[in-house]
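*Asks:* Provided below are the primary sequence and the corresponding predicted coordinates.
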Number of protein chains: 2
Amino acid sequence: MTRLPLRRVSFQTLTCRQRGYVSLNKLVDMQEALSNAKSLEELQTFVEGLRGVYGIDNLVYHSVNASGGQYAALTYSDTWVERYIEKGYERIDPVVQGCYKRFTPIDWKALDWSGKPSRDFLGEAASQGLGNQGFSVPIRGPSGQFALFSVNQKDNDDRWAQFTEERASDLILIAHYMNERALEIEGGPSQGPVRALSPREKDALTLLALGNNRAGVAEALQISENTLRVYIESARFKMGATNTVHAVATALTHGLIVV
Amino acid sequence: MTRLPLRRVSFQTLTCRQRGYVSLNKLVDMQEALSNAKSLEELQTFVEGLRGVYGIDNLVYHSVNASGGQYAALTYSDTWVERYIEKGYERIDPVVQGCYKRFTPIDWKALDWSGKPSRDFLGEAASQGLGNQGFSVPIRGPSGQFALFSVNQKDNDDRWAQFTEERASDLILIAHYMNERALEIEGGPSQGPVRALSPREKDALTLLALGNNRAGVAEALQISENTLRVYIESARFKMGATNTVHAVATALTHGLIVV
DNA sequence: TCCGACCTCACCATTTCTGGTGAAGGGGAA
DNA sequence: TTCCCCTTCACCAGAAATGGTGAGGTCGGA
């Protein structure tokens, strides 16, 4: 695979702005660390280092891939992380829920914190040492991969507004490059053991995903329902799916079909 | 919605590098045009202007959203575009197929051009005026949205390698900001009439998407199969899905559940 | 040239899903 | 407090999907 020198160039653009308290040397070190990272542990180190570079209380990179696998590199306390996982707080965390439907970065203030679960969650987070201010960048990769890069700080509104204004584009770039590295480390572009589908198999699953039943699909494809079944079954077999629903869901999450 | 001054800042980073033949004024104009774009037509204008700025033969921005809606802003000839659509060339175009599984930008040379359909396609593209060199940036948005930003040029390998090396990070940033604008213009963060699912409905659809049948899901959820059916049906109703397969597929493509 | 992969069709018993209706208690929001 | 939504359960007939197996033809790559 041809590796383009994206990181180097882009971090140079980051540092050439001479905007103040970010140490260029530190940032270059960080960039070095990131582009050389060969394991997820090194990403953790990167995140921790970044905290010092930006003078920020907490940073979080959290990725969820298509198969439900999760990975996080963060600076929160172990207590809080365990609690979060144990309670499945990603389900009510307005940051996660809000960003999942967005494509642009957002300040936590702009999220919807109404509703009792959200407020309870906020209270507990604060008691665990989280700051009142935050900024998150949603990032997406292939096959439904989703990641969130957030910074969190105890600060007043004015100072925080200034920080986000100045650093937003830094954070966006870092978020994207970090996600690239995490994805490359985790599995690379090779998507696992799922074999490609034949054109007819794709047609069949796509029409099925669109809500047609077998009779409808067979008619749309101008083939007999028996033939259609062969496609569905061979697609199922290729993907190791147990039934039609599973096959369509797998094809969708692996990017084998597009609806 | 709080709008962050991302575009301005980032295009400044683009222009502050003083790398040669890109006219700063032109680029600033382009940036202005992009951030003020209120319609998809203006994105077309932006793409056409970019061609002059970079001295590039062709640029293409092509987006496919979760509902199958497509939009493109490009500089190819109408003849080629019509031909491409008519023949459904996106199915065999190695650029589209290759990038869909990737998350990092790629030079067209690094793609897989073996196979008769690919070679035939390449021949026809060349006869329609496309250059031999190309570089594409895959971009992803919420709910499975996918877009491709490509540049295409008639050039020799050395000069092209130099161009991509120098301009890769520009192109990546432009690609991302263009995608943001296209998404905001097209519909914004509001995702349409699909109502949110209740926790139990999500559980049910998720377990179904994972390959369980109703009996298995009911057991996993520790509820009767009758109850489970209520969840599936109410979820179907909310999303206007005609059957279980459709419901799971819709929930997946709209980001209502994650598998 | 041969093999493998793809496309096409058929049969049939069994399992599973669907459609529609009714009903109860709990909890949050206005 | 009232209302709406969520969660839980039941019944039943008819429609649809499934699991195997067999078999013909085409086409591109080794």
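*Replies:* Looks like it arrived, so ask away.
*Asks:* which non-adjacent residue is nearest the residue nearest the centre of chain A?
*Replies:* The residue lying closest to the centre of chain A (CA atoms, centre = their mean) is A:Ala147, at 1.4 Å. Excluding the flanking residues, the one nearest A:Ala147 by CB to CB, 6 or more residues apart in numbering or on different chains is A:Ser63, at 3.9 Å. C-beta coordinates here come from the backbone N, C-alpha and C atoms, glycine included.
*Asks:* on that earlier part again, distance check, the residue nearest to the centre of chain A against DNA strand D.
*Replies:* As judged by CB to the nearest atom of the strand, to the nearest Å, A:Ala147 and DNA strand D stand 27 Å apart.
*Asks:* Using the three-state scheme, assign that residue.
*Replies:* Following DSSP: H, G, I helix; E, B strand; the rest coil, we place A:Ala147 in the strand state.
*Asks:* Local confidence estimate at it?
*Replies:* With respect to pLDDT, A:Ala147 scores 89.
*Asks:* cool, the one 10 residues further on as well?
*Replies:* The model reports A:Asp157 with a pLDDT of 90.
*Asks:* how deep is it tucked in, by neighbour count?
*Replies:* 11 (other CB atoms under 10 Å in any protein chain shown).
*Asks:* ok, now which ones touch it?
*Replies:* By CB atoms under 8 Å, 6 or more residues apart in numbering or on different chains, A:Asp157 lies in contact with A:Lys109, A:Gln133.
*Asks:* one more time with 10 Å
*Replies:* Residues near A:Asp157 by CB atoms under 10 Å, 6 or more residues apart in numbering or on different chains: A:Asp107, A:Lys109, A:Asn132, A:Gln133.
*Asks:* Can you list phi and psi of the nearest residue to the first one once chain neighbours are set aside for me?
*Replies:* Of all residues beyond its chain neighbours, the one nearest A:Asp107 is A:Phe135 (5.4 Å), with distances taken as CB to CB, 6+ apart. Recorded main-chain torsions at A:Phe135 are phi -150, psi 130, according to degrees, to the nearest 10.
*Asks:* Just list whatever residues bridge to A:Phe135.
*Replies:* Beta-bridge partners for A:Phe135, by DSSP bridges, are A:Asp107, A:Val151.
*Asks:* picking that back up, mind checking how far the residue nearest to the centre of chain A is from DNA strand C?
*Replies:* From A:Ala147 across to DNA strand C, the span is 29 Å (CB to the nearest atom of the strand).
*Asks:* Settle this for me: that residue is touching A:Arg181, isn't it.
*Replies:* No. Using CB atoms under 10 Å, A:Ala147 is not in contact with A:Arg181; the gap is 11.1 Å.
*Asks:* shared neighbours, the two?
*Replies:* A:Tyr61.
*Asks:* in what helix or strand does A:Arg167 lie?
*Replies:* A:Arg167 is part of helix A:157-186 when elements are defined by DSSP states H and E.
*Asks:* which secondary structure elements does whichever helix or strand comes after that helix contact?
*Replies:* Toward the C-terminus, helix A:157-186 is succeeded by helix A:199-209 as the next helix or strand (DSSP H and E). Contacts defined by 3 or more CB pairs under 10 Å, 6 or more residues apart in numbering or on different chains; DSSP states H and E place helix A:199-209 against helix A:214-221, helix A:225-239, helix A:244-253, helix B:244-253.
*Asks:* Any chance of JSON lines for these, columns mean neighbour count?
*Replies:* Shown next, in JSON lines, are those (neighbours: other CB atoms under 10 Å in any protein chain shown):
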{"stretch": "helix A:214-221", "mean neighbour count": "16"}
{"stretch": "helix A:225-239", "mean neighbour count": "17"}
{"stretch": "helix A:244-253", "mean neighbour count": "26"}
{"stretch": "helix B:244-253", "mean neighbour count": "26"}
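*Asks:* ok, A:Asp120 - contacts?
*Replies:* By CB under 10 Å, 6+ apart, A:Asp120 lies in contact with A:Ile92.
*Asks:* picking that back up, next, the buried residues of the helix holding A:Arg167.
*Replies:* A:160, A:163-164, A:166-185 (16 or more other CB atoms under 10 Å in any protein chain shown).
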